[in-house]
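Chemist: output the structure for:
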Amino acid sequence: MNKRRAIFWMRRDLRAHDNVALHAALSASDQVVCVFVYDRTILDELPRMDRRVAFIHASVAEAGDDLARLGAKLIALEGDPKTVIPDLARRLDAGRVFANEDYEPSARRRDEAIADTLAREGRALLLSKDQVLLHKDEVRSKSGTPYTRFTPYYNTWLQRLGQDDQALRDHDPAPLQAHFGAPPEGPSNIPLAQLGFDEVDLEGLSLYPGTRGGRRVLDEFIGKAGDYLALRNTLALPATSGLDIHLRFGTLSIREIFRELGRRTDVHGASVAGWIREVCWREYFSQLLYHVPRVADGPYLQKYARLDWVKGELGKQRLDAWKNAATGYPIVDAAMTQLNTTGAMHNRARLVAGSFLVKTLGVDWRIGEAYFALKLNDYDQASNNGNWQWVASTGADAQPPYRIFNPSSQSKTYDPDAQYIRHWLPALKNVEARHLHEPWKRTVPIPDYPAPIVDYAASVEECRQRYGAVGPAP
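Modeler: Residues are numbered from 1 along each chain as shown. A predicted model of the protein is given here:
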């Protein structure tokens with residue numbers, strides 16, 4: 001076995017530049033072979049038309065091109081990584097496999113199985129921190145325990161970042177490119193059709209794959225970052241960063257984003273600080289899922305496992321209306337239309353639509369979480385789970401049980417001219433804005449638009465009874 005020959009396994013880090021595991025492999029090895037595995041255990045569960053797979057596919061192609069410019073070749077394989085990676089290590093006689101750490105429970109189980117297989121053969125799986133600035137045990141309370149409240153986590157996170165002069169380091173592979181080994185025969189990518197998927201017009205969806213796409217989105221955000229705090233909740237404006245999908249699939253490193261903001265924007269400004277706080281929520285949810293993996297399947301506050309959700313035929317009717325943008329509440333229906341049409345949804349709209357399903361319709365939050373997981377382009381398990389548990393009041397640091405988002409007031413506040421509603425519900429484009437916040441008050445019903453599926457005031461009382469039956473809020 002050649003201890004100086006290694007495999008770099010690209011996963012949710014679809015880039016050559018500033019990739020910690022790639023840099024680690026090149027630094028510790030004489031011959032590094034790069035591989036990406038299309039995981040059939042995931043792909044086989046997806047529909048043929050999947051925007052995320054198309055985004056990944058295009059990003060893998062670009063990453064392969066960038067590696068080629070460094071004198072390397074990215075090998076694309078498909079199958080179950082638990083078999084593919086050990087088989088490749090045997091074929092190449094590689095002593096070590098380098099990859100970036102993934103904190104999701106299923107990914108951890110996969111990596112543990114691969115590590116065990118490799119270890120039995122005298123090989124090793126070496127994991128690096130890459131997708132977050134601070135991970136796992138790097139942000140802990142004074143007593144040494146993980147934080148379950150966001151604000152103290154955030155304060156310690158900021159302090160820790162300020163003390164770590166390596167946190168934003170650029171892991172440039174170029175000086176180490178002589179350590180790339182001769183690759184085995186094989187394609188640098190696999191055609192989408194061969195993988196079982198259809199082509200997607202990513203440009204038409206404003207999805208720009210790869211590192212170049214990520215930098216394009218970052219440049220656009222830097223140009224408007226000064227208005228982020230004031231405009232980020234305005235539904236009709238593209239005022240958020242748009243970087244979520246690039247962080248999710250690692251086409252751009254979080255360190256590069258922070259370095260660019262530091263060079264080109266006043267990082268002490270309130271707007272940029274507000275965006276940084278949102279990034280910290282992402283890392284907070286990531287470490288929470290790592291330390292409390294049971295939240296992937298149920299509530300953090302376990303007493304809420306006893307909540308009596310609306311089920312049966314009534315529950316199905318309500319869920320179907322929500323999924324199909326037919327609730328009779330325009331702000332919710334606009335949000336769900338945006339999701340179903342594009343795979344994207346404004347962050348404020350996610351909270352409104354989520355709260356409506358759980359608190360207004362009384363449907364189990366886990367069903368909504370699963371639907372978002374199927375549809376969202378930027379789906380990330382930790383953030384999706386954390387935010388659904390936040391709106392459902394079942395999470396570690398969630399909103400109070402009796403805080404219920406009123407769709408009418410949310411609509412009036414964040415879409416006052418109903419531009420967002422009209423854009424996603426063109427059948428309502430000629431209806432006055434004042435009636436689109438509360439269409440049931442209109443003297444004449446809106447043609448071809450459903451009446452409200454539930455009475456909001458009555459649903460508030462039902463929600464209070466549902467949560468009250470479990471016990472007082474913590």
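Chemist: C-alpha only now, for contacts and for neighbours.
Modeler: OK.
Chemist: what kind of secondary structure is residue 99 in?
Modeler: Look at residue 99: counting by DSSP: H, G, I helix; E, B strand; the rest coil, its state is strand.
Chemist: isn't residue 259 up against residue 168?
Modeler: Yes: the pair residue 259 and residue 168 qualifies as a contact (Cα atoms under 8 Å) at a distance of 6.7 Å.
Chemist: the residue most central in space within the chain and residue 178, how far apart?
Modeler: Nearest to the geometric centre of the chain sits residue 380, at 2.9 Å (Cα atoms, centre = their mean). Distance, residue 380 to residue 178, by Cα to Cα, to the nearest Å: 35 Å.
Chemist: same question for residue 201.
Modeler: 37 Å.
Chemist: about what we covered before: contact partners for the residue nearest to the centre of the chain?
Modeler: The neighbours of residue 380, taking Cα atoms under 8 Å, 6 or more residues apart in numbering as the test, are 248, 373.
Chemist: ok, the nearest residue to residue 446 once chain neighbours are set aside - contacts?
Modeler: Sequence neighbours aside, residue 439 is the residue nearest to residue 446 in space, at 7.4 Å (criterion: Cα to Cα, 6 or more residues apart in numbering). When contacts are counted by Cα under 8 Å, 6+ apart, residue 439 touches 328, 329, 445, 446.
Chemist: tabulate the residues you listed (CSV), appending neighbour count and distance to residue 34.
Modeler: As requested, those are arranged in CSV below (neighbours: other Cα atoms under 10 Å; distance: Cα to Cα, whole Å):
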residue, neighbour count, distance to residue 34
328, 20, 51
329, 26, 50
445, 12, 61
446, 16, 58
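Chemist: and the residues you listed, which two are furthest apart?
Modeler: Spanning the widest gap among the contacts of residue 439 are 329 and 445, at 13.1 Å by Cα to Cα.
Chemist: what are the ranges of the strands in the stretch 1-150 of the chain?
Modeler: When assigned using DSSP state E, counting those that start in this stretch, the strands of the stretch 1-150 of the chain occupy the ranges 2-10, 31-39, 74-79, 94-100, 124-128.
Chemist: could I get the buried residue list for the first one?
Modeler: What it means is strand 2-10. By 16 or more other Cα atoms under 10 Å, the buried positions in strand 2-10 come out as 3, 4, 5, 6, 7, 8, 9, 10.
Chemist: quickly list what the third one is bridged to.
Modeler: Read that as residue 5. Beta-bridge pairing for residue 5 (DSSP bridges): residue 31.
Chemist: what about the stretch 251-400 of the chain, any weak spots by pLDDT?
Modeler: Along the stretch 251-400 of the chain, segments meeting pLDDT under 70 span 264-268.
Chemist: could you pull out the helices for it?
Modeler: Taking DSSP state H, counting those that start in this stretch as the criterion, the stretch 251-400 of the chain carries its helices at 254-264, 270-291, 312-323, 330-342, 347-355, 365-375, 381-392.
Chemist: now those as JSON lines including mean neighbour count and distance to residue 411?
Modeler: Shown next, in JSON lines, are the helices of the stretch 251-400 of the chain (neighbours: other Cα atoms under 10 Å; distance: least, Cα to Cα, whole Å):
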{"stretch": "helix 254-264", "mean neighbour count": "16", "distance to residue 411": "32"}
{"stretch": "helix 270-291", "mean neighbour count": "20", "distance to residue 411": "22"}
{"stretch": "helix 312-323", "mean neighbour count": "16", "distance to residue 411": "17"}
{"stretch": "helix 330-342", "mean neighbour count": "23", "distance to residue 411": "6"}
{"stretch": "helix 347-355", "mean neighbour count": "21", "distance to residue 411": "9"}
{"stretch": "helix 365-375", "mean neighbour count": "18", "distance to residue 411": "21"}
{"stretch": "helix 381-392", "mean neighbour count": "24", "distance to residue 411": "17"}
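Chemist: okay, the ones you listed in a markdown table with distance to residue 183 next?
Modeler: Below are the helices of the stretch 251-400 of the chain laid out as a markdown table (distance: least, Cα to Cα, whole Å):
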| stretch | distance to residue 183 |
| --- | --- |
| helix 254-264 | 28 |
| helix 270-291 | 34 |
| helix 312-323 | 47 |
| helix 330-342 | 38 |
| helix 347-355 | 43 |
| helix 365-375 | 35 |
| helix 381-392 | 33 |
